[in-house]
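J.: model this:
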Amino acid sequence: YGHDGVTGRPAASIHAEAYRLAAMEGKTGIARAARMQELIAKPTEAMIEAGQKDAIYRTFQKELQPIGRGIAGLREAIPGGRLVLPFLRTLLNLPKAALEHTPLNFIRIAYKNVIEKHPDFKGGALSEELAKPVLGTMAGYLAYDLASRGLITGSGPSDPNERRVWLQMYQPNAMRVGDQWIQYGRLDPFSTHLGMAADLAEARHRMSEKEYEQAVSKMVFSFTQNITSRTWASGMSDALNAVVEPDRYGARWIQRLAGTAVPTGVAQIARAISPEARRPKSIGEALKTRIPGLAGQVEPLRDIFGGTVPRDVRSGAERMISPFPRTEAKADPATQEMVRLKMGRGVPSRKITIGGVQRDMTSEEYAQYQTQSGDRARQRINLMLKNPNWGKITAEQQEKRIRNIFDEERERSRRRIILESLRAASNTTSN
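T.: This next block holds a predicted model:
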């Protein structure tokens, strides 16, 4: 979204206004082009004003209406309100902009133009308003088709265990380009339409015919999910999750809130040095994940096979330029089969019992436990899939066999860790 070199206003708006004025003056061909260049070099006050309004609209910074101003006042009155709702104008204006790019906007246009006879809904402005729902609907249809072919993703499964498996193969709200997933969340307001269409396409594969016909609730949930998943809305969604499910989200929200004490620029440097996703267990560790040189001290987040989870493949310099996170698209046969079966795998327990005493595994033991059991499970599943009789058994039987492999390998790895712990204790006693 460029800016005009003379006025500093959005270049797209300046050029559009120049074209309209030249066309209204009856200019054609070379004369129209010359008149446009003249207007671009010396824009009129009306053109500059239109550019300002366009910039405010496109950055979702329009003045708040009475309800919005009331929410803003409430935010200021509550201690810490700005931490929960730091980007209030964006949060309130983006959903309106997203709805304007749906067929519902035709109703709004008819009301404003025919009943209210609003002066802003005339000529070029009316054409722009009519174009919004057309472009939004086209983007939605395209996204639905691409999502049906696995090239665009929506929010993904809501079940946390199934989601862990799904994330082995996909990234939420992303499009596949070559061998990478590129997240499209910053393409507002169209990202909302892409996400909703992709969610519906994913739901089509998960629902029965009757359930899909009743997918209105899914659309409402998808719209909300696509709004609250944005970075600028995460504070509010995290706070609401912490209130509704404190046992599950409370500690994570507090850790994230504490992490904001470290500036974003510093945190970006830490992520460039240590790109793996981390799993902080305390406020202190949440702070460490955002500090260069200390992030590596926090236990990494691991996938279902025990491998570390890469956060982003962008270089440090690219992070400063591009707002679109990228991750590698990779999936072995074991992962593909588990996703096909819509299987879920929870995070393995850290508990072990040695000599009748239960304790948590150390970070080193837990990493060893996950990597050893996960790697062995992957190998066994991939080998099992080569059996020509695999496709002859039911999906329930296939899922059961895969689960049994995971359980067996986790138990084998747990016993190995217990044995090594007993040997270490015996050696210590001998010495």
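J.: please, which helix or strand holds I352?
T.: Per DSSP states H and E, I352 falls inside strand 351-354.
J.: avg pLDDT for stretch 273-286?
T.: Mean per-residue pLDDT for stretch 273-286: 79.
J.: if we ignore the residues flanking it in sequence, what's nearest A334?
T.: I381 (4.0 Å; Cβ to Cβ, 6 or more residues apart in numbering). Placement of C-beta: from N, CA and C, glycine included.
J.: where's the closest residue to E17 other than its chain neighbours, which helix or strand?
T.: Sequence neighbours aside, M47 is the residue nearest to E17 in space, at 4.3 Å (criterion: Cβ to Cβ, 6+ apart). Assigned by DSSP H and E, M47 belongs to helix 45-58.
J.: pLDDT on that helix, on average?
T.: For helix 45-58, the per-residue pLDDT averages 77.
J.: in PDB, list the C-alpha atoms belonging to that helix.
T.: What follows is helix 45-58, C-alpha atoms only, in PDB (Å, rounded to 0.1, in the frame of the first residue of the first chain):
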ATOM      1  CA  GLU A  45      -8.000  19.600  -1.600                       C
ATOM      2  CA  ALA A  46     -10.800  17.100  -2.300                       C
ATOM      3  CA  MET A  47      -8.300  14.500  -3.500                       C
ATOM      4  CA  ILE A  48      -6.100  15.000  -0.400                       C
ATOM      5  CA  GLU A  49      -9.200  14.700   1.900                       C
ATOM      6  CA  ALA A  50     -10.300  11.500   0.100                       C
ATOM      7  CA  GLY A  51      -6.800  10.100   0.500                       C
ATOM      8  CA  GLN A  52      -6.900  10.800   4.200                       C
ATOM      9  CA  LYS A  53     -10.300   9.200   4.600                       C
ATOM     10  CA  ASP A  54      -9.100   6.200   2.600                       C
ATOM     11  CA  ALA A  55      -6.000   5.800   4.700                       C
ATOM     12  CA  ILE A  56      -8.000   5.900   7.900                       C
ATOM     13  CA  TYR A  57     -10.500   3.300   6.600                       C
ATOM     14  CA  ARG A  58      -7.800   1.000   5.300                       C
END
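J.: strands of the chain, start to end?
T.: Here the chain has its strands, by DSSP state E, at 174-177, 180-183, 326-328, 351-354, 357-360.
J.: in the shortest one, what counts as buried?
T.: Applying a neighbour-count criterion of 16 or more other Cβ atoms under 10 Å, one finds 326-327 buried in strand 326-328.
J.: measure S363 to D375 for me?
T.: Going from S363 to D375 by Cβ to Cβ, to the nearest Å gives 18 Å.
J.: do R415 as well
T.: 16 Å.
J.: neighbour count: those two, which is higher?
T.: D375 (15 against 11; other Cβ atoms under 10 Å).
J.: which ones are touching that one?
T.: 305-306 (Cβ atoms under 8 Å, 6 or more residues apart in numbering).
J.: who does the helix holding M47 touch, helix- and strand-wise?
T.: Judged by 3 or more Cβ pairs under 8 Å, 6 or more residues apart in numbering; DSSP states H and E, the packing partners of helix 45-58 are helix 11-24.
J.: quick one, the helix it packs on and helix 45-58 angle?
T.: 140 degrees (axes from the mean of the first three to the mean of the last three Cα atoms, to 10 degrees).
J.: sorry, back to before: would you mind listing the buried residues in the strand holding I352?
T.: Going by neighbour count (16+ other Cβ under 10 Å), the buried part of strand 351-354 is I352.
J.: likewise stretch 395-412?
T.: Those would be 398-399, 402, 405-406, 409-410, for stretch 395-412 by 16+ other Cβ under 10 Å.
J.: ditto for stretch 378-390
T.: Per 16+ other Cβ under 10 Å, stretch 378-390 contains these buried residues: 378, 380-381, 384-385.
J.: please flag which of the residues you listed sit within helices.
T.: Of the buried residues of stretch 378-390, the ones assigned to helices by DSSP state H are 378, 380-381, 384-385.
J.: would you turn these into a markdown table with pLDDT?
T.: As requested, these are arranged in a markdown table below (pLDDT from 0 to 100):
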| residue | pLDDT |
| --- | --- |
| R378 | 95 |
| R380 | 96 |
| I381 | 96 |
| M384 | 96 |
| L385 | 96 |
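J.: just put those residues in JSON lines and tack on distance to T394.
T.: What follows is those, written out as JSON lines (distance: Cβ to Cβ, whole Å):
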{"residue": "R378", "distance to T394": "23"}
{"residue": "R380", "distance to T394": "20"}
{"residue": "I381", "distance to T394": "17"}
{"residue": "M384", "distance to T394": "15"}
{"residue": "L385", "distance to T394": "15"}
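J.: how many other residues sit next to E162?
T.: Other residues close to E162 by other Cβ under 10 Å number 18.
J.: so who does Q297 touch?
T.: Counting by Cβ under 8 Å, 6+ apart, Q297 touches 285, 288.
J.: and with 7 Å instead?
T.: K288 (Cβ atoms under 7 Å, 6 or more residues apart in numbering).
J.: and if you look at Q368?
T.: So Q368 contacts I417 (Cβ under 7 Å, 6+ apart).
J.: make it 8 Å
T.: By Cβ under 8 Å, 6+ apart, the neighbours of Q368 are 413, 417.
J.: ok, now how distant is it from T362?
T.: Applying Cβ to Cβ, the value for Q368 to T362 is 9 Å.
J.: check what pLDDT T371 gets.
T.: Value for T371, per-residue pLDDT: 94.
J.: which strands and helices sit next to the helix ranked longest in the chain?
T.: In terms of residue count, the longest helix belonging to the chain (DSSP H) is helix 395-430. Applying 3+ Cβ pairs under 8 Å, 6+ apart, one finds that helix 395-430 contacts helix 333-340, strand 351-354, helix 363-385.
J.: of all the ones you listed, which one is nearest S158?
T.: Nearest of the helices and strands packed on helix 395-430 to S158, taken as Cβ to Cβ: helix 333-340 at 15.2 Å.
J.: and the closest one, what other elements does it pack with?
T.: Checked by 3+ Cβ pairs under 8 Å, 6+ apart, helix 333-340 has helix 160-166, helix 363-385, helix 395-430 packed alongside it.
J.: what pLDDT, on average, does the last one get?
T.: Going back to what we said before, that points to helix 395-430. 90.
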